[in-house]
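Peer 1: Sequence and computational prediction follow.
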Amino acid sequence: MINISEKFKLMIEQSKDEDSDDIYLLEPIYFQKPFILIGIDLLNFQRRIYIDITSENWEDDQLKSFPKWRGIEIGQEYFSQIGPLKEKNFLVISQNVEDSEEIFERVLQFLVERIITESDIPLYTVVYEVLDRWHNFFKRKWDTNLTLEEEMGLFGELYYIYRWLELFPQEPPLIIKDWKGPLKNRIDFVNKNAGVEIKTISSKIRDQIKISNELQLELNPVIDNLFLYVLKVEVNNSIGKSLRNMIELIEEKLTLRAPSLAVKFKELLMEVGILGDDYDKNFFFVHEELAFNATEEFPKVTSKSLPLGISNVSYSIDLSHCKSFEVSIEDIFNLNK
């Protein structure tokens, strides 16, 4: 996969080594349609990306409708010749030089990966979706960190994905499409009519899991088979794996097996406000894995069992009273196969 940050870094280094009066450098980075180039202003190090939209015939209103935020500029330019390309119309996305080049490069990385892996989707749709996702990310999560409890919960979901990828190395990693946790669904993983809800608890407290409301473990025609995957973890600052570790391990496997799903994985992480190199302070060591079949008879509160007028009930389940519902770990992972 093309590494945008490395490309810009090499351009800057090369400019220092060369005796040239050039004040602007261009480099092609993708040679299939749509052609993609990056450029850098050597006076202020402004980054730019050029995406060939010659065949798209975009209207001015389409350009104006792109989501924007402080830090980028979006325009359209016609070039009679740019590098080896002639008579081309380009979408140009530029960095505001007063803002972080690191964040701008991340945006471009997401954009290029989506363009390359989803060539069957109209280019305008791809660009719009990427910019919209980043626009929402900046509005929602930029200054907000996950609490330790939220970090533990996300670790559990990532651990489940990683374990699945390890268990089924020859299978298409469709587990990423089944991951609904970042989208605020009531069940973390859903495949057909079966669901897996992940619960991560501290190994130092009683065997209790928290249930957010009476609907979370409810069976219905959409999900008629529901399982709980429970991780007992110890939080420390050196032993185990951090969120960052888990993300890097998963991305490495996905990039080799299904690059488009690696892009999907990154986008899902953005839904919870996570970038790849965040969250490397807390380490989670897994002491035990448990699995339960949350049948109708499983000890739980449902909307049917509540008196009329009562709702939004959160509660805890003592797992020591759920032994008869315990199943093998393999049963849980086979659901998403």
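Peer 2: It's in.
Peer 1: how about the helices in the chain?
Peer 2: Counting by DSSP state H, the chain forms helices over residues 4-17, 60-64, 101-117, 123-140, 148-167, 175-178, 243-257, 259-271, 329-334, given from the N-terminal end onward.
Peer 1: Minimum distance to Leu26: which of those has it?
Peer 2: Ranking these by distance to Leu26, with CB to CB as the measure, places helix 4-17 first at 8.9 Å. For every residue, glycine as well, the C-beta is placed using N, CA and C.
Peer 1: circling back: please tabulate the helices of the chain in TSV, including the columns mean neighbour count.
Peer 2: As requested, these are exported to TSV (neighbours: other CB atoms under 10 Å):
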stretch	mean neighbour count
helix 4-17	14
helix 60-64	11
helix 101-117	20
helix 123-140	17
helix 148-167	19
helix 175-178	21
helix 243-257	18
helix 259-271	19
helix 329-334	15
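Peer 1: so which of the ones you listed gets nearest Glu87?
Peer 2: In terms of CB to CB, the element of those nearest to Glu87 is helix 123-140, at 18.1 Å.
Peer 1: That closest one packs against which elements?
Peer 2: Other helices and strands packing on helix 123-140, by 3 or more CB pairs under 8 Å, 6 or more residues apart in numbering; DSSP states H and E, are helix 101-117, helix 259-271.
Peer 1: I'd like the ones you listed laid out as a markdown table, including mean pLDDT and distance to Asp277.
Peer 2: Output for the helices and strands packed on helix 123-140, formatted as a markdown table (pLDDT from 0 to 100; distance: least, CB to CB, whole Å):
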| stretch | mean pLDDT | distance to Asp277 |
| --- | --- | --- |
| helix 101-117 | 91 | 10 |
| helix 259-271 | 92 | 11 |
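Peer 1: looking at these, which is closest to Ile175?
Peer 2: Short answer: helix 259-271, nearest of the helices and strands packed on helix 123-140 by CB to CB, at 8.7 Å.
Peer 1: how far away is Ser5 from Thr255?
Peer 2: Summarising the geometry, the distance separating Ser5 from Thr255, computed by CB to CB, to the nearest Å, is 16 Å.
Peer 1: one step back: Met152 is nearest to which of the helices and strands packed on helix 123-140?
Peer 2: Using CB to CB as the measure, helix 259-271 is the one of these that comes nearest Met152, at 16.0 Å.
Peer 1: any idea of the angle that closest one forms with helix 101-117?
Peer 2: The directions of helix 259-271 and helix 101-117 differ by 140 degrees, with axes from the mean of the first three to the mean of the last three CA atoms, to 10 degrees as the criterion.
Peer 1: which strands and helices sit next to helix 259-271?
Peer 2: For helix 259-271, the contact count by 3+ CB pairs under 8 Å, 6+ apart identifies helix 101-117, helix 123-140, helix 175-178, helix 243-257 as packing neighbours.
Peer 1: Contacts for that helix next, please.
Peer 2: Under the criterion CB atoms under 8 Å, 6 or more residues apart in numbering, residues 1, 110, 113-114, 116-118, 133-134, 137, 173-174, 176-177, 179, 182-183, 247, 250-251, 254-255, 275-276 lie in contact with helix 259-271.
Peer 1: Can you read off the pLDDT for the closest residue in space to Ser311 that isn't next to it in sequence?
Peer 2: Take Ser311 and drop its neighbours on the chain: the residue closest to it by CB to CB, 6 or more residues apart in numbering is Glu214, 6.8 Å away. The per-residue pLDDT reported for Glu214 equals 92.
Peer 1: ok, so what distance separates the residue lying closest to Leu275 once chain neighbours are set aside from Trp179?
Peer 2: Of all residues not flanking Leu275 in the chain, Arg106 sits nearest, at 6.7 Å (CB to CB, 6+ apart). Applying CB to CB, the value for Arg106 to Trp179 is 21 Å.
Peer 1: what's the answer for Phe104, then?
Peer 2: Taking CB to CB, one finds Phe104 at 28 Å from Trp179.
Peer 1: Look up the residues forming beta bridges with the residue nearest to Phe325 when sequence neighbours are not counted.
Peer 2: In space, not counting the residues next to it along the chain, Phe325 is nearest to Phe292; the distance is 4.8 Å by CB to CB, 6+ apart. Applying DSSP bridges to Phe292 yields these beta-bridge partners: Leu228, Glu326.
Peer 1: before we move on, back to that, now do the contacts for the residue nearest to Ser311.
Peer 2: 301-303, 305-306, 311-313.
Peer 1: do Gly240 as well
Peer 2: Here Gly240 is in contact with 233-234, 283-286 (CB under 8 Å, 6+ apart).
Peer 1: if we go to 7 Å?
Peer 2: Residues counted as contacts of Gly240 (CB atoms under 7 Å, 6 or more residues apart in numbering) are 283-285.
Peer 1: Ok, Val286 next?
Peer 2: Contacts here follow CB under 7 Å, 6+ apart; on that basis Val286 touches 159, 231, 233.
Peer 1: Counting neighbours, what do you get for the last one?
Peer 2: Going back to what we said before, that points to Val233. Number of residues near Val233 (other CB atoms under 10 Å) recorded here: 22.
Peer 1: Look up how far Met152 lies from the closest residue to it other than its chain neighbours.
Peer 2: With CB to CB, 6+ apart as the measure, Phe284 is the residue that lies nearest to Val233, at 4.6 Å, once sequence neighbours are left out. Phe284 sits at a distance of 7 Å from Met152 (criterion: CB to CB).
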